[in-house]
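1. everything below, folded, please.
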Amino acid sequence: MTRHLICLPAVVVAAALWTSTAAAQQWGTLKGKFVYDGPSPAPVALRIDKDPECCKVKHNDESLVVAADGGLANIVLYLRTPKPAVHPDYEKTAKDSVVIDNKTCHFEPHIVVLRLTQTLLIKNSDTCGHNTNVAPLGDTAINPLLPPSGEFTHTFRRQQNLPFPVSCNIHPWMKAHVLVRDNPYFAVSAADGTFEIKNLPAGDLEFQAWHEKAGYLEHTGWPKGKFKQKVNAGDNDLGTIKLSAALFKK
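-> Take a look at the predicted model:
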C-alpha cells in the first residue's frame, strides 16, 4: 500500500496549536469594591480663576473621591505578572484609541489606562485653548497646545510601573493620571468603589493597587500595594476591601 504524506503549511500548524492552547486555558473575572474606612470627607472645591467665559463649570478636587456610603473611586488595580496569556476577546480593542478630553476645564476621565498597542487621543472640547503635559518615565514627553476642538494623537513606546501625572500649564488646577501597560488586565474603580477585570488567565497571579493620594495601597497582606491572588475559572469576588482613612492623609 502506498502512503501519501500531507504537508501542511507552517502557518496552519501554528494556528491549530494556538487554538488548542487557547481552548485549554481557563479564564476568570476578578471583582470587588474598595471602601474608605472612616467618615466620608467633604468635597474640596478647586480654585478656578482663569478664562471665566470658558471655565464656567465648578469642579472639586478629584485626588480623593469618596461616595456617601464610602465607595472609593479612582483606585487603579493592574496585573503585575509578566507576559500573561491574553484572552482572544481583547484582540478586538488592541488597536483602539483611548480618549482624554480637556472638557469644561478639567480632564475627563481623571484616570486613563491604556495598552502599548493602543493610541492616546487627546481632545479639547472647550472654547478656549489648553495644553496637555504628558511626561512618562523613560519615554517621549509631549506637551501639545490644543486650540478649541483640537486633537492630538500619541503612541507610547514603553509600559509604566506606576501612573504618571498629566497637567495643563495654562489652567494649573487641571490634573489627571495616565498608566500604560503591555497587557489589558487593569481596572479603575468606579464612583461607587467597584471594579472588575475580565478574562484573566486562571492561576496564581500578582496584582498592584495604587491611588493618587495614597500611592501604593498598603492594605493587610499587600506590601507596597502588591498582592497575590489565585484566580479560578469564572467569578472571583474579593468582596468589600476596607482601606484605612490614614492611608489617604499622606
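
2. where does the protein have low pLDDT?
-> 1-23, 250 (pLDDT under 70).

3. mind redoing it with 80?
-> 1-24, 250 (pLDDT under 80).

4. show me where it has its helices.
-> For the chain, helices defined by DSSP state H occupy the ranges 10-24.

5. quick check, central residue of it?
-> Central residue of the chain (Cα atoms, centre = their mean): residue 113, 2.9 Å from the mean position.

6. hmm, residue 181 and it touching each other?
-> Yes - at 6.9 Å, residue 113 and residue 181 qualify as touching, with contact defined as Cβ atoms under 8 Å. C-beta coordinates here come from the backbone N, C-alpha and C atoms, glycine included.

7. joint contacts of the two?
-> residue 78 (Cβ atoms under 8 Å, 6 or more residues apart in numbering).

8. re the thing from before, from residue 176, how far out is the residue nearest to the centre of the chain?
-> 11 Å (Cβ to Cβ, to the nearest Å).

9. quick one: contacts for the residue nearest to the centre of the chain?
-> 76, 78, 98, 163, 178-181, 186, 188.

10. recalculate using a threshold of 7 Å.
-> Counting by Cβ atoms under 7 Å, 6 or more residues apart in numbering, residue 113 makes contact with 76, 179, 181, 186, 188.

11. for residue 207, see how far away the first one is.
-> Using Cβ to Cβ, one obtains 10 Å as the distance from residue 76 to residue 207.

12. distance of the residue nearest to the centre of the chain from residue 218?
-> Residue 113 is 21 Å from residue 218, by Cβ to Cβ.

13. can you list contacts of stretch 144-154?
-> 97, 102, 119-124, 126-132, 134, 142.

14. ok, 10 Å please
-> 54, 97, 99, 101-102, 119-134, 136, 139-140, 142-143, 168-170 (Cβ atoms under 10 Å, 6 or more residues apart in numbering).

15. got the end-to-end distance for it?
-> With Cα to Cα, to the nearest Å as the measure, the ends of stretch 144-154 fall 10 Å from one another.

16. check which residues of it are buried.
-> 144, 146, 150, 152 (16 or more other Cβ atoms under 10 Å).

17. closest one to residue 199 out of the residues you listed, please.
-> Nearest to residue 199 out of these is residue 152 (Cβ to Cβ; 31.3 Å).

18. returning to that earlier point: how about the buried residues of stretch 144-154, which pair is most distant?
-> 144 and 150 (8.0 Å).

19. re the thing from before, quick one, which of the contacts of stretch 144-154 are buried?
-> Members of the contacts of stretch 144-154 classed as buried by 16+ other Cβ under 10 Å are 54, 99, 101-102, 120-126, 128-132, 134, 136, 139, 142, 168, 170.

20. quick one: which of those residues sit in strands?
-> Mapping the buried ones among the contacts of stretch 144-154 onto strands (DSSP state E) picks out 99, 101-102, 120-124, 130-131, 134.

21. if we ignore the residues flanking it in sequence, what's nearest residue 55?
-> Nearest non-adjacent residue to residue 55, counting by Cβ to Cβ, 6 or more residues apart in numbering: residue 105, 3.7 Å away.

22. typo on my end, residue 196
-> Using Cβ to Cβ, 6+ apart, the nearest residue to residue 196 is residue 31, at 4.2 Å.

23. how much space separates that neighbour from residue 76?
-> 15 Å.

24. compare the two (neighbour count), which wins?
-> The residue with more neighbours, out of residue 31 and residue 76, is residue 76; 23 against 15, by other Cβ atoms under 10 Å.

25. and the spatially closest residue to that one that is not a sequence neighbour, how many neighbours?
-> Spatial nearest neighbour of residue 76, excluding adjacent residues (Cβ to Cβ, 6+ apart): residue 210 at 4.8 Å. Neighbour count for residue 210, taken as other Cβ under 10 Å: 21.

26. what pairs with residue 210 across the strands?
-> Beta-bridge partners recorded for residue 210 (DSSP bridges): residue 76, residue 216.
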